[in-house]
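no FASTA, just this:
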């Protein structure tokens with residue numbers, strides 16, 4: 001359970017950095033508390049999408065992953081971020097990613113920041 005909480009916090013932090021760095025990834029809210037709450041829910045959605053959908057997409061795109069020596073992973077990450085944005089919109093959360101290339105750059109930022117935070121934060125159960 002502790003590992004799940006740590007990964008969710010790392011995802012929320014990584015998403016916050018992407019929102020801060022990229023103008024076309026938006027998170028709106030009336031107050032800071034509402035933004036933090038929305039960010040945590042979006043991080044949960046992002047974690048579920050990465051846990052359930054991403055392995056299936058990677059399996060189906062395995063020839064492209066091999067052909068591009070893994071660079072296609074950036075596209076897969078962008079698609080997961082766009083799917084998270086779509087789901088957040090369906091749940092009336094104020095998180096939006098505008099455009100594919102923004103999602104590619106956002107996915108790259110989220111991957112790097114999430115990796116760094118997971119290295120720093122404890123992950124033991």
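Noted; the coordinates are in hand. This is a predicted model, so every value here is computed, not measured.

So which other helices or strands are in contact with the helix ranked longest in the chain?
Longest helix of the chain, by residue count under DSSP state H: helix 32-60. Judged by 3 or more Cβ pairs under 8 Å, 6 or more residues apart in numbering; DSSP states H and E, the packing partners of helix 32-60 are helix 2-21, strand 25-27, helix 72-90, strand 95-97. In this view, the C-beta of every residue, glycine as well, is placed from N, C-alpha and C.

And the first one, what's buried?
Think helix 2-21. 6-8, 10-19 (16 or more other Cβ atoms under 10 Å).

Just the pLDDT at the residue sitting furthest away from the middle of the chain, thanks.
Relative to the centre of the chain, the most outlying C-alpha is that of residue 67, 24.6 Å out, by Cα atoms, centre = their mean. Here, the pLDDT recorded for residue 67 equals 95.

what separates it from residue 61, distance-wise?
According to Cβ to Cβ, to the nearest Å, residue 67 and residue 61 sit 10 Å apart.

confidence score at residue 124?
In this model, residue 124 carries a pLDDT of 62.
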